[in-house]
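pasting the structure only:
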Ligand SMILES: O=P(O)(O)O[C@H]1O[C@H](CO)[C@@H](O)[C@H]1O
């Protein structure tokens, strides 16, 4: 494929308003995680460098970004959403300046630029999880890079355990809202000095998952004749990597959680902070074990099996949503 080198981005602020650059020295340079690994904090300028690198590698100018979770082919390629992307250009994470690398065994680690249907997109095939040892702000670095690339809408997908008794394995849950459990304990991707060039110190989160997109997703479910498997509910992220205890799951149920996972919430907070529109989608890959009488145990193999089982529907659903969301985006920003 022909890679034209486009003019590098030069932005004062991703949201278009001029703000003062915070003193660089206000940012702690290095953070040590619970395993003793050191993580160098990134600056706005470093992410601009990352975005300019990517823009120099591809002519694709995506307005929509997709994070492919465990159910959407972050562990396999054949038949996955990423494979559906046409005119694809794959850039491995290890080749991208300042990018973390996926450490989960079998997890892909690449950015895929190309088209879903007619729409230019960038997809993360493989995301970063807190349980890998990364601080949350580092897990979410790609979201900010997407913003700098020009992405306005983030579609964050995940595999999750179904806690709502009406959910069945293989159902899709449109994320209506989330509960930031890790945030309750003070662990938040926005923790630390705020760089106003990305967004405000105290961002609102009551409209985290765009109402218009959720409405469209329900309409599309009807059109595709999958409304019987499409639900809407509340997601929460725990730190992992262990699956939850019975008592933990019962507590989460009591506070209104419908599906449990180990990702997405921090990515969505980061995306909303820099004013991206968000759609969240969970694939219910297993039934949460909420009784001591049940013999079943959650396991990662089941998560992947259900992902493979549902990939065709997911691919069709997400591809159609990308098309519809882009029409809405054009209508708002002709
Ligand atoms: O959230 P995604 O990346 O889809 O993956 C989910 O599936 C894995 C557990 O099987 C965990 O990583 C959990 O977060």
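That came through fine. Quick caveat, the model's predicted, so the values are computed rather than measured. Numbers count the residues shown, from 1 in each chain.

Residue 85: neighbour count?
By other C-beta atoms under 10 Å, 24 other residues sit near residue 85. C-betas here are computed from N, CA, C, even on glycine.

give me every residue that touches the nearest residue to residue 139 once chain neighbours are set aside.
Nearest residue to residue 139, sequence neighbours excluded (C-beta to C-beta, 6 or more residues apart in numbering): residue 128, at 4.1 Å. Going by C-beta atoms under 8 Å, 6 or more residues apart in numbering, residue 128 touches 100, 102, 134, 138, 139, 140, 141, 142.

and the two most separated of those residues?
Distance extremes for those: the farthest pair is 102 and 140 at 14.4 Å, using C-beta to C-beta.

By pLDDT, give me the weakest of the contacts of residue 128.
Note: of the contacts of residue 128, the lowest pLDDT belongs to residue 102, at 77.

That one looks like it's in a helix, true?
No - the assignment for residue 102 is coil, going by DSSP: H, G, I helix; E, B strand; the rest coil, so no helix is present there.

Now do the residue of the stretch 101-250 of the chain found nearest the ligand, the pLDDT please.
The ligand sits closest to residue 158 of the stretch 101-250 of the chain, with a gap of 3.5 Å, by C-beta to the nearest ligand atom. Residue 158 is assigned 96 on the pLDDT scale.

Check whether it really touches residue 68, as I assumed.
No - when contacts are counted by C-beta atoms under 8 Å, residue 158 is not listed as touching residue 68 (9.5 Å).

Now do the same contact list for the residue of the stretch 101-250 of the chain closest to the ligand.
The neighbours of residue 158, taking C-beta under 8 Å, 6+ apart as the test, are 69, 70, 71, 235, 261, 263, 264, 280, 281, 282, 283.

switch the cut-off to 10 Å
Neighbouring residues of residue 158 by C-beta atoms under 10 Å, 6 or more residues apart in numbering: 67-72, 74, 127, 173, 175, 235, 237, 259, 261-265, 267, 280-283, 285.

One more: residue 84?
73, 112, 114, 115, 116, 117, 123, 311, 315, 316, 318, 319.

separation between the first one and residue 30?
Between residue 73 and residue 30 the distance, using C-beta to C-beta, to the nearest Å, works out to 34 Å.

Also the third one?
Applying C-beta to C-beta, the value for residue 114 to residue 30 is 36 Å.

Compare these two and say which one has the larger neighbour count.
residue 114 (21 against 8).

What about the contacts of residue 128, which are in helices?
Secondary-structure check on the contacts of residue 128 using DSSP state H: residues within helices are 138, 139, 141, 142.

Pretty sure the third one sits against residue 111.
No - contact criterion C-beta atoms under 10 Å: residue 141 and residue 111 do not qualify, at 12.0 Å.

Residues of the stretch 151-300 of the chain that sit close to the ligand?
Contact residues of the stretch 151-300 of the chain with respect to the ligand, defined by C-beta under 6 Å from any ligand atom, are listed as 158, 159, 240, 261, 262, 263, 300.

and if we set it to 8 Å?
Taking C-beta under 8 Å from any ligand atom as the contact definition, the stretch 151-300 of the chain meets the ligand at 157-160, 237, 240-241, 243, 261-264, 283, 285, 298-300.

Could you list which of those belong to strands?
Taking DSSP state E, the ones among those that sit in strands are 157, 158, 159, 160, 237, 261, 283, 285.

Most neighbours of all the residues you listed, which one?
Among those, the one with the most neighbours (other C-beta under 10 Å) is residue 160, at 33 neighbours.

Find residues that contact each of residue 158 and residue 68.
Among the neighbours of residue 158, those also in contact with residue 68 (C-beta under 10 Å, 6+ apart) are 74, 127.

No more questions from me, cheers.
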